[in-house]
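1. pasted the sequence and its predicted model underneath.
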Amino acid sequence: MTIAVVGAGLIGSAAARHVAKAGHEVVLIGPGEPTDFAAHQGAFASHYDEGRITRMNDRRPFYARVSAASIRRYDEIERESGVPFFTECGALMTGSSDYIAAIGAATAGLDVESEALDAEGLAARFPFLAIPDGHTGAYEARHAGHISPRNLVAAQQEAARRHGAVRIVEEATGVAPGRITTPSQTIEVDKVIVAAGGWTDDLLGRRALDVYARTVAFHEIGPAEANRLATMPSLVMESDDDIYILPPVRYPDGKLWLKLGGDPTDDLLPDKKAITDWFRSGGDAARGEYLTERVLQVIPSLAFESRYHKPCVTTWSQDRLPEIRRLEPGLIVAAAGNGAGAKCSDELGRMAAAVATGDET
Ligand SMILES: Cc1cc2nc3c(=O)[nH]c(=O)nc-3n(C[C@H](O)[C@H](O)[C@H](O)COP(=O)(O)OP(=O)(O)OC[C@H]3O[C@@H](n4cnc5c(N)ncnc54)[C@H](O)[C@@H]3O)c2cc1C
């Protein structure tokens, strides 16, 4: 069987690896990262970055399960590709007792190595963090931290290539059961998986998913501050804006950047033009400043040398679970990471591959 995967992002590249590994012919179709966002006219993606938080702990049983399954295969993906992407620096979630109890319930039976920390324990372990009153913590020292989404995509694609997958670096202009059109060709296959993130609805000619504008802020960290924050884990904190902060991560410019995000509002991007314009705009400067205020609340004495902000998008389904299903014979959709689709993308790709190959378990 020949299966085309449209969208060479986190979920699509994972699906390509799993389909190829199962012994089928695979064509992975999608563009690479644009070099100049402001001038780019085509599709962007939600993985053009070096840091995504990864953890098994989650309040939602589905995400705990698919994250645990994915994280337990990180070694396999690195081995099959030779491309490292995972930094095991730990992950901490803090919140009210209800929030922490929900994590415990969601991860029951998943064999997650999580340590409960009370306020004193948090202060002793992470003295540089100002944890809100009333919060306790769930801390995973192992099998958690951050991944480079760029490198995970590269790793999945390299592993898929070694299993025989073929890559076409083009945007699809049309998809139908068993057929994909690009500017240069029409490709006939047995089945098509559409995994085009925020561009999925546009390709499928429908309006099912919500794409939200997100701004992330980066703070440049010098050697002394990096040393002070050396034990910092990836951090998710219960809050109205769902704040998350990564420890300093080295970026391709050679510098260490501490990145955070958090969204007091969900700003809908209604169509492909709005999404493209958002990426080309460079993001929301006021939201960038808001995030700097927020990071200083959580790490009050953070010493940073420069800062900037960047746009991204997250893609949401109505039930807040990824949409992985057969739309019609020969056409499968695998989209909607719901802001959490990087760490668990390997399992989401495996599920999409299983729908396509008929090996659903
Ligand atoms: C700021 C930010 C922070 C996040 N933090 C985290 C985190 O800490 N942990 C976590 O687990 N998740 C996080 N996420 C979510 C995660 O990045 C997404 O869920 C994930 O990228 C979704 O994967 P995807 O494959 O669906 O989409 P993408 O990775 O965006 O891939 C979609 C692909 O489709 C391609 N495409 C689009 N149109 C076409 C077309 N016409 N033809 C062919 N290809 C096309 C694009 O080029 C792209 O490569 C974050 C997201 C954002 C924006």
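-> Nice, I can see it.

2. helix, strand, or coil at Asp240?
-> coil (DSSP: H, G, I helix; E, B strand; the rest coil).

3. which residue ranges of the stretch 201-350 of the chain form strands?
-> Per DSSP state E, counting those that start in this stretch, the stretch 201-350 of the chain carries strands over the ranges 210-221, 234-237, 244-245, 249-250, 256-261, 267-268, 307-316, 323-328, 331-335.

4. most tightly surrounded among those strands?
-> strand 331-335 (a mean of 26; mean count of other Cβ atoms under 10 Å). Backbone N, C-alpha and C define where each C-beta goes, glycine included.

5. what sits against the nearest residue to Gly145 once chain neighbours are set aside?
-> With Cβ to Cβ, 6 or more residues apart in numbering as the criterion, Gly145 has its nearest non-adjacent residue at 3.9 Å, and that residue is Cys89. Each residue near Cys89 by Cβ atoms under 8 Å, 6 or more residues apart in numbering is listed here: Gly145, His146, Met232, Pro233, Ser234, Pro247.

6. again, only this time at 10 Å
-> 54, 141, 144-146, 230-234, 246-249 (Cβ atoms under 10 Å, 6 or more residues apart in numbering).

7. save those residues as CSV, and put in distance to Asp346 and pLDDT too.
-> Converted to CSV, these look like this (distance: Cβ to Cβ, whole Å; pLDDT from 0 to 100):
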residue, distance to Asp346, pLDDT
Thr54, 11, 98
Ala141, 22, 98
Ala144, 15, 98
Gly145, 16, 98
His146, 15, 98
Ala230, 29, 97
Thr231, 28, 97
Met232, 25, 98
Pro233, 22, 98
Ser234, 18, 98
Leu246, 20, 98
Pro247, 23, 98
Pro248, 26, 98
Val249, 20, 98
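
8. quick one: which of those is nearest to the ligand?
-> Distance to the ligand, by Cβ to the nearest ligand atom, is smallest for Thr54 among the contacts of Cys89, at 6.4 Å.

9. do I have it right that that closest one meets Cys344?
-> Yes. Here Thr54 reaches Cys344: they are 8.5 Å apart, a contact under Cβ atoms under 10 Å.

10. so what sits against both of these two?
-> Ser67, Ser70, Ile71.

11. from those residues, which single one is nearest the ligand?
-> Among the shared contacts of Thr54 and Cys344, Ser67 lies closest to the ligand (Cβ to the nearest ligand atom), at 7.6 Å.

12. hang on, the earlier thing: from the contacts of Cys89, which two are the most distant?
-> By the measure Cβ to Cβ, Thr54 and Ala230 form the most distant pair in those, at 19.1 Å.

13. these two: who's more crowded?
-> Taking other Cβ atoms under 10 Å, Thr54 and Ala230 do not tie; Thr54 has more neighbours (27 against 11).

14. taking the stretch 151-300 of the chain, what residue is nearest to the ligand?
-> Taking Cβ to the nearest ligand atom, the ligand has its nearest neighbour within the stretch 151-300 of the chain at Gly197, 2.8 Å off.

15. kindly state the pLDDT recorded for Ser301?
-> Turning to Ser301, the model gives it a pLDDT of 89.

16. likewise for Ala356?
-> For Ala356, pLDDT reads 97.

17. residues near it, how many?
-> Ala356 - counted by other Cβ under 10 Å - has 28 other residues nearby.

18. I'd say it and Ala22 touch.
-> Yes. Taking contacts as Cβ under 10 Å, Ala356 lies within contact range of Ala22: 9.4 Å.

19. need the overlap of contacts for these two.
-> Common neighbours of Ala356 and Ala22 (Cβ under 10 Å, 6+ apart) are Met1, Ile3.

20. can you pull the buried residues of stretch 130-147?
-> 131, 135-141, 143-147 (16 or more other Cβ atoms under 10 Å).

21. end-to-end on that stretch?
-> 25 Å (Cα to Cα, to the nearest Å).

22. helix/strand/coil for the residue lying closest to Leu321 once chain neighbours are set aside?
-> Excluding the flanking residues, the one nearest Leu321 by Cβ to Cβ, 6+ apart is Phe62, at 5.7 Å. Following three-state DSSP, we place Phe62 in the helix state.

23. next one: Phe62 from Pro132, what distance?
-> 27 Å (Cβ to Cβ, to the nearest Å).

24. three-state assignment of the residue of the chain positioned farthest from its centre?
-> In terms of distance from the mean C-alpha position of the chain, Glu120 ranks first, at 31.9 Å (Cα atoms, centre = their mean). With three-state DSSP as the basis, Glu120 sits in helix.

25. return the residues in contact with it.
-> Listed by Cβ under 10 Å, 6+ apart, the contact set of Glu120 reads Thr136.

26. quick one: it from Asn227, how far?
-> Distance from Glu120 to Asn227, by Cβ to Cβ: 24 Å.
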